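Student: how does the following fold in three dimensions:
(one chain, ligands or ions: 1)
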Amino acid sequence: MTAALRLAGCVFAEEEARMLIAEAATADELDRMVRQRAGGLPLEQVLGWAQFCGLRIAVDPAVFVPRRRTELLAREAARLAAQVSQHAPLVVVDLCCGTGALGAAVAAGVRRTLDLHAADIDPAAVECTRRNLAPLGGQVYQGDLYSALPEALRGKINVLIANVPYVPTDDLALLPAEARDHEPRVALDGGSDGLEVMRAVAGQAPRWLAVGGHLLVEASERQLPAAMQVIVDSGLLPRVVLDDEMDAAVIVATRAEVTEVTEQAGNRADDPFGGRQPTSHERMTGLPWDASYRNGPAPWDIGRPQPVVVRLAAEGAFVGPVLDAGCGTGENALHIAALGVPVLGFDVAETALSAAREKAAERGIAAEFVAADAFALDGLGRTFATVLDCGLFHTFRGDERARYVAALTSVTERDATLHLLCFSDEGPDTGPHPVSRRELEAAFGPGTGWAVAAIEPDRVETRFQPSGAPAWLAMIKRI
Ligand SMILES: C[S@@+](CC[C@H](N)C(=O)[O-])C[C@H]1O[C@@H](n2cnc3c(N)ncnc32)[C@H](O)[C@@H]1O
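Tutor: The predicted model follows:
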């Protein structure tokens, strides 16, 4: 039997043989199962079940088999669901549910009563999910995405799981035969760029999520930058969870607590913007910058200096005093300061500043970190010979750029140098705020007090793009 399975291309033939023997009630049944498996049917469809998050999930023929890497999404969803107050109802919805494995795993993970719903467009998947969720009291619907759900769930969903199909149509042919021939195309095909279903789910998610609720989607590592953009465009705040061992990437997209961010934030003590005007980025996401640092590392926080900054520092590009604009948790500033150059980092995110100060103290590095708004820097009361902008400029839109450049002018003197690293609009897999060469030249053009000396293509690393996204490294001189 093992030989037959191995011959048919089963890599774990011995283990599979053991599982088939354990499952078959009779010799005839075993024979049939081996033939099915050797004929290319996925093991889980032959056995009739899959192991997922320690649960035994029923898998019917022609239903999408839950993947091991999707356990990351299930665990993260269960963790977020467990954070919902015990005194409030917990509403969990699994869209594109397949076997219903994700909803079942979340229900098992939270250990409390929950209002569980699942939906799929494929009747076979709906049938299979009904069996898996029946013991948990879950409601299962058939239909196209949200149209399958009861209206009463609008604005009430705390955790929205959507392991949508995300294989680009042209790549379907490259899938293993097991998936290609025995899983429904509707469970795999994500349209031309693989993100069409995700776009549809994310687009409507703000209307279905409760305030503070989360949408969780899986993406391939290659698609992450574009998938992040899909989430940003939907108005949700994205965060990425990675598991290199499982080769899994999950985007957690949160409906902001601050639902209406107006142009003018108030001056109240509880104002999350500390009296300043929210930036265009904050208005778009509905959250203050600080929120990006509160639930684990921000997407851009790679936990070490950007390679470009390390290179510039080695070339002696940072003449003190140095200003690190939008310093985040301070890795770049700390790298420069460790070389004995005086550095001041500023940011609007207090959580990031506290982390930066803690790291400076732990590492015994004399770098300063202060709260300041990039549009009002004269309060710093000093001038700088070099400015580093790593990822701040590209978050600004429209007149914010001119106001920021004017603020930099107010804290620099003639001959100062600005090293600016931002996402570029050239090449595949551009980052979330791509800037064109012309936009850079315009922002620092005649009349601004600055002149662009060089703009070179480079890379900027993020937590979800370890090999980096296309960037511009600009050297800009104060004239
Ligand atoms: C993409 S992050 C880059 C952080 C850091 N430079 C790095 O490379 O890891 C942009 C940073 O700019 C900060 N920021 C955004 N708008 C700001 C403003 N108006 N004034 C000061 N800092 C701002 C954010 O809080 C965030 O820490």
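
Student: need the pLDDT of Asn267.
Tutor: For Asn267, the model assigns a pLDDT of 44.

Student: and the one 10 residues further on, by the same measure?
Tutor: According to the per-residue confidence, Gln277 scores 83 in pLDDT.

Student: what does Thr262 give?
Tutor: We have a pLDDT of 45 for Thr262.

Student: for Glu16, give me its contacts.
Tutor: Shown in contact with Glu16 (Cβ atoms under 8 Å, 6 or more residues apart in numbering): Leu5, Cys10, Arg37, Leu43. Where you see a C-beta, it was placed from the backbone N, CA and C, and this is true even at glycine.

Student: pretty sure it is in a strand, no?
Tutor: No - looking at Glu16 with DSSP: H, G, I helix; E, B strand; the rest coil, it is helix, so not inside a strand.

Student: distance of it relative to Ala3?
Tutor: In this view, Glu16 and Ala3 are 12 Å apart by Cβ to Cβ, to the nearest Å.

Student: over to Met198?
Tutor: 43 Å.

Student: these two: which has the busier surroundings?
Tutor: Shown here are Met198 and Ala3; by other Cβ atoms under 10 Å, Met198 has more neighbours (29 against 9).

Student: nearest residue to the more buried one other than its sequence neighbours?
Tutor: Val164 (5.1 Å; Cβ to Cβ, 6 or more residues apart in numbering).

Student: pretty sure the one you found is touching Val197, no?
Tutor: Yes - applying Cβ atoms under 8 Å as the test, Val164 and Val197 come out as touching, 4.0 Å apart.

Student: which parts of the stretch 351-479 of the chain are strands?
Tutor: Assigned strands in the stretch 351-479 of the chain, in chain order: 368-371, 384-390, 412-423, 450-462, 465-478 (criterion: DSSP state E, counting those that start in this stretch).

Student: relative to the last one, what are the paired strands and their orientations?
Tutor: Pointing back at strand 465-478 there. strand 412-423 (antiparallel), strand 450-462 (antiparallel) (DSSP bridges).

Student: now those strands in CSV, with mean neighbour count, distance to the ligand and mean pLDDT?
Tutor: Output for the strands paired with strand 465-478, formatted as CSV (neighbours: other Cβ atoms under 10 Å; distance: least, Cβ to the nearest ligand atom, whole Å; pLDDT from 0 to 100):
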stretch, mean neighbour count, distance to the ligand, mean pLDDT
strand 412-423, 19, 8, 97
strand 450-462, 16, 8, 96
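
Student: mind putting these in TSV, distance to Val211 included?
Tutor: Putting these into TSV (distance: least, Cβ to Cβ, whole Å) gives the following:
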stretch	distance to Val211
strand 412-423	30
strand 450-462	28
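
Student: of those, which approaches Pro61 most closely?
Tutor: strand 450-462 (40.9 Å; Cβ to Cβ).

Student: distance between the closest one and the chain's centre?
Tutor: The chain centroid and the centroid of strand 450-462 are separated by 25 Å under Cα atoms, centre = their mean, to the nearest Å.

Student: so what touches that strand?
Tutor: Residues contacting strand 450-462 (Cβ under 8 Å, 6+ apart): 225, 299-300, 302, 306-308, 390-391, 405, 408-409, 418, 421-424, 426-427, 431, 437, 440-441, 444-445, 467-479.

Student: PyMOL command for the buried members of these?
Tutor: Those of those that count as buried under 16 or more other Cβ atoms under 10 Å are selected in PyMOL with:
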select buried, resi 225+299+300+302+306+308+390+391+405+408+418+421+422+423+424+431+440+444+468+469+470+471+472+473+474+476+477+478
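
Student: could you identify the least confident member of the contacts of Glu16?
Tutor: Cys10 (74).

Student: excluding chain neighbours, what is closest to it?
Tutor: Glu16 (5.3 Å).

Student: which residues touch the residue nearest in space to the middle of the chain?
Tutor: By Cα atoms, centre = their mean, the chain has its centre lying nearest to Val240, at 3.0 Å. Counting by Cβ under 8 Å, 6+ apart, Val240 touches Leu224, Met228, Ala249, Val250, Ile251, Val252, Pro299, Arg463, Phe464.

Student: just the ones of the residues you listed in helices?
Tutor: Members of the contacts of Val240 lying in helices (criterion: DSSP state H): Leu224, Met228.

Student: quick check, nearest of the contacts of Val240 to Phe64?
Tutor: Using Cβ to Cβ, the contacts of Val240 come closest to Phe64 at Val250, 17.3 Å.

Student: that closest one contacts Glu71, doesn't it?
Tutor: No - with contacts counted by Cβ under 8 Å, Val250 stays clear of Glu71, the gap being 10.2 Å.

Student: so for those two, which sits in the more crowded spot?
Tutor: Using other Cβ under 10 Å as the criterion, Val250 and Glu71 rank with Val250 on top: 23 against 20.

Student: what residues does this protein put near the ligand?
Tutor: 279, 289, 300-301, 306, 326-328, 332, 347-349, 352, 373-375, 390-392, 395 (Cβ under 6 Å from any ligand atom).

Student: please list only the buried members of those.
Tutor: For the residues of the chain next to the ligand, a burial check counting by 16+ other Cβ under 10 Å picks out 279, 289, 300-301, 306, 326-328, 332, 347-349, 352, 373-375, 390-392, 395.

Student: residues touching the residue lying closest to Val167 once chain neighbours are set aside, list them.
Tutor: In space, and not counting its chain neighbours, Val167 is closest to Leu188: 4.9 Å by Cβ to Cβ, 6+ apart. When contacts are counted by Cβ under 8 Å, 6+ apart, Leu188 touches Phe64, Pro165, Val167, Leu172, Leu175, Ala179.

Student: distance of Leu188 from Glu368?
Tutor: 53 Å.

Student: check Ala27 too.
Tutor: Ala27 is 77 Å from Glu368, by Cβ to Cβ.

Student: equivalent analysis for Asp244, please.
Tutor: Counting by Cβ to Cβ, the gap from Asp244 to Glu368 is 35 Å.

Student: swap in Gln277?
Tutor: From Gln277 to Glu368 the distance is 25 Å (Cβ to Cβ).

Student: what's the answer for Phe393, then?
Tutor: 22 Å.

Student: His394 contacts Asp425, correct?
Tutor: No - counting by Cβ under 8 Å, Asp425 is not a contact partner of His394; they are 10.1 Å apart.

Student: overlap in contacts of those two?
Tutor: Shared contacts of His394 and Asp425, defined by Cβ under 8 Å, 6+ apart, comprise Pro434, Val435.

Student: ok, those two, which is more surrounded?
Tutor: His394 (25 against 16).
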